[in-house]
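K.L.:
Predicted structure and sequence below. I'll ask about it afterward.
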Amino acid sequence: MGDLTEYRRKRDATRTPEPVPGPGPLPSGHDDTFVIQEHHASRLHWDIRLERGGVLVSWAVPKGLPAEPGVPRLAIRTEDHPLAYATFAGRIPRGEYGAGTMTIWDTGHYETLQWTRSRVEIVLHGDRADGRFLFSRKGENWVLHRLDGPADPTWTPLPEAVAPMLATPGTLPPTEEDEQWSYEFKWDGVRAIARVEGGRLSLFSRNGGEITAVYPEIRGLGEQLGSTQALLDGELVAFQDGKPSFAALQRRMHVREATAIRRLTESQPVHYLVFDLLHLDGGSTMDLRYAERRRLLDELALSGPRWLTPPAYPGAGAAVLRAAQDAGLEGVVAKRLSARYHPGRRSPGWVKVTDLRNQEVVVGGWRTGHGRREGLVGSLMLGVPTGTGLRYIGQVGTGFTQEMLQLLTRQLTALASDNSPFTGAIPADRSRATHWVTPSVVGEVTFREWTRDGRLRTPSWRGLRPDRDPADIAAPDPLD
């Protein structure tokens, strides 16, 4: 028989809406009822409760029921609960044990296949929970396994991450084609893929590196999605004076120390703007039309203190571009309503329309500055990798903050080299010292156009790109 002594000890019936039965004999039942409650306490988890011996035998499972075999989940045995708890939903007040919101995720009946001190094997029959599961004891804790396959034979596992699809530079589609496109504002940030499973979010940069710890203010998105599995595409954006600021985002991108990150989440928070859905509850959505992916994304209703889904505007290209220009934004991205998602590829199905162009660059050297830049970087010498080496494409001397100049000077001084990393001769500048470096630092510049000899015209520094590797930088065709 179960025992509610520990349950009663942890609860005061005058301070919590939870059922707290008095002492006395436990009710008898059929040992076949289960309930799974989604519990938004200090950390989201799911409480799985099985009726047995007059109580609900309970486990707290941080990531919920596994959706497929071979994905074991930690299960923490908790105190027995009264049978009346099978219908409880509500808010447990702050300061009380288990404070937070509890909802019923699923309920139904179960069959017992085995029940010992170290193994509980059951079959659940519910609306959402259906299948054969095993709780097995491992030391002080338990592990929950799914023993059969997903109920849906088309179920596919959630990918760890994918490389994001890229837009092609261009102009607005012709007016007569406007109804075939949807338009979104272009944000001055960096791409990130969000993977959500079991209420937990992982963030990945464009090149696949995990950056979850760098942006802790986005983690609540995982709790909002709860048990929904999803792979999202979006952009990390920092705002300054109400506008996206890549310079402000730079203050976050290079910080890895936990105390500094916590401080910066208050002084320079980052937002995650979600604009595409790549996988949802056991099915890839990448082969769906953009219009369908966007509908599914909108149905998720993602909105929180540091994340949201910005609106998209079908058939309104010129108006959206004017609005972007009036607001001082980078431009717009036109997305063909019929376009599939092609991970890692630059697709004509997405077109970015801006007054300026962006180019990722590799730093091959620097020249010293004068005046306020005395002893610091004055300009950077830039290149792009080609099959024959690093091709020189010019230098940039504008767009730097004093903080960025100091950071670049430290980084590049540590990478000093005796030889130029560029192929071919580099224009000399006798007025300033030239310092060659090992070409491992990647940055990004904006510019107007390419010159006929393959140089950047009027470049301006946007910032470092620690999420990119020099080998990943593609050499553009300067005459494009």
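P.N.:
Looks like it arrived, so ask away. Numbering: from 1, shown residues only.

K.L.:
Centre-most residue in the protein?
P.N.:
By Cα atoms, centre = their mean, the mean C-alpha position of the chain lies nearest to residue 194, the distance being 2.6 Å.

K.L.:
ok, now which ones touch that residue?
P.N.:
By Cβ atoms under 8 Å, 6 or more residues apart in numbering, the contact list for residue 194 reads 201-204, 218, 221, 230-234, 272, 274. C-beta: built from backbone N, CA, C; applies to glycine.

K.L.:
now with 6 Å?
P.N.:
By Cβ atoms under 6 Å, 6 or more residues apart in numbering, residue 194 lies in contact with 201, 203, 232.

K.L.:
all strands in the stretch 201-350 of the chain, in order from the N-terminus.
P.N.:
Applying DSSP state E, counting those that start in this stretch to the stretch 201-350 of the chain gives strands spanning 230-240, 243-244, 270-280, 283-284, 303-304, 307-308, 313-314, 331-336, 346-354.

K.L.:
could the ones you listed be laid out in CSV, adding distance to residue 164?
P.N.:
Shown next, in CSV, are these (distance: least, Cβ to Cβ, whole Å):
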stretch, distance to residue 164
strand 230-240, 5
strand 243-244, 18
strand 270-280, 8
strand 283-284, 15
strand 303-304, 21
strand 307-308, 17
strand 313-314, 21
strand 331-336, 12
strand 346-354, 10
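
K.L.:
what bridges to residue 115?
P.N.:
Taking DSSP bridges as the rule, residue 115 bridges to residue 120.

K.L.:
no, scratch that, I was asking about residue 58
P.N.:
On the basis of DSSP bridges, residue 58 is bridged to residue 49, residue 78.

K.L.:
That one and residue 78 touch, don't they?
P.N.:
Yes. Using Cβ atoms under 6 Å, residue 58 makes contact with residue 78 at a distance of 4.7 Å.

K.L.:
which stretch of helix or strand covers the residue nearest to the centre of the chain?
P.N.:
strand 190-197 (DSSP states H and E).

K.L.:
Report the inter-axis angle for that strand versus strand 230-240.
P.N.:
Interaxial angle, strand 190-197 versus strand 230-240 (axes from the mean of the first three to the mean of the last three Cα atoms, to 10 degrees): 140 degrees.

K.L.:
what does the average pLDDT come to for strand 190-197?
P.N.:
Averaging pLDDT along strand 190-197 yields 97.

K.L.:
circling back: between residue 58 and residue 78, who's got more neighbours?
P.N.:
Neighbour tally, residue 58 and residue 78, criterion other Cβ atoms under 10 Å: the higher count belongs to residue 58, 21 against 17.

K.L.:
check contacts around the more buried one.
P.N.:
When contacts are counted by Cβ under 6 Å, 6+ apart, residue 58 touches 47, 49, 78, 81.

K.L.:
Mind telling me the two of the residues you listed farthest from one another?
P.N.:
The span of these, defined through Cβ to Cβ, is set by 49 and 78 at 9.1 Å.

K.L.:
which intervals of the stretch 1-150 of the chain have sub-threshold pLDDT?
P.N.:
1 (pLDDT under 70).

K.L.:
Report the contact partners of residue 304.
P.N.:
220, 224.

K.L.:
follow-up on the earlier one: ok, and the closest non-adjacent residue to the residue nearest to the centre of the chain?
P.N.:
In space, residue 194 comes closest to residue 232 once its chain neighbours are excluded; the distance is 4.2 Å by Cβ to Cβ, 6 or more residues apart in numbering.

K.L.:
what's the neighbour count on that neighbour?
P.N.:
Residue 232, neighbours per other Cβ under 10 Å, totals 26.

K.L.:
cool, residue 454 as well?
P.N.:
Residue 454, neighbours per other Cβ under 10 Å, totals 16.

K.L.:
same question, the one 3 residues further on
P.N.:
Other residues lying near residue 457 total 11 when counted by other Cβ under 10 Å.

K.L.:
looking at it, it is touching residue 446, isn't it?
P.N.:
No. Judged on Cβ under 6 Å, residue 457 makes no contact with residue 446 at a distance of 11.0 Å.

K.L.:
isn't residue 249 right next to residue 238, touching?
P.N.:
Yes. Applying Cβ under 6 Å as the test, residue 249 and residue 238 come out as touching, 4.0 Å apart.

K.L.:
tell me the contacts of residue 162?
P.N.:
So residue 162 contacts residue 343 (Cβ under 6 Å, 6+ apart).

K.L.:
now with 10 Å?
P.N.:
The contact partners of residue 162, by Cβ atoms under 10 Å, 6 or more residues apart in numbering, come to 193, 195, 204, 208, 231, 233, 278-279, 284, 286, 341, 343-344.

K.L.:
quick one: residue 54 from residue 232, how far?
P.N.:
Note on residue 54: its distance to residue 232, by Cβ to Cβ, to the nearest Å, is 45 Å.

K.L.:
Quick check: bridge partners of the residue nearest to residue 194?
P.N.:
residue 194, residue 277.

K.L.:
how many neighbours does residue 282 have?
P.N.:
Neighbour count of residue 282, defined by other Cβ under 10 Å: 16.

K.L.:
Isn't residue 471 up against residue 385?
P.N.:
Yes. Counting by Cβ atoms under 10 Å, residue 385 is a contact partner of residue 471 at 6.8 Å.

K.L.:
what touches both of residue 49 and residue 78?
P.N.:
Residues touching both residue 49 and residue 78 (Cβ under 10 Å, 6+ apart): 57-59.

K.L.:
Retrieve the pLDDT associated with residue 373.
P.N.:
85.

K.L.:
Any idea what the residue nearest to residue 221 when sequence neighbours are not counted is bridged to?
P.N.:
Leaving aside its sequence neighbours, residue 221 sits nearest to residue 307 (Cβ to Cβ, 6+ apart; 4.7 Å). On the basis of DSSP bridges, residue 307 is bridged to residue 272, residue 304.
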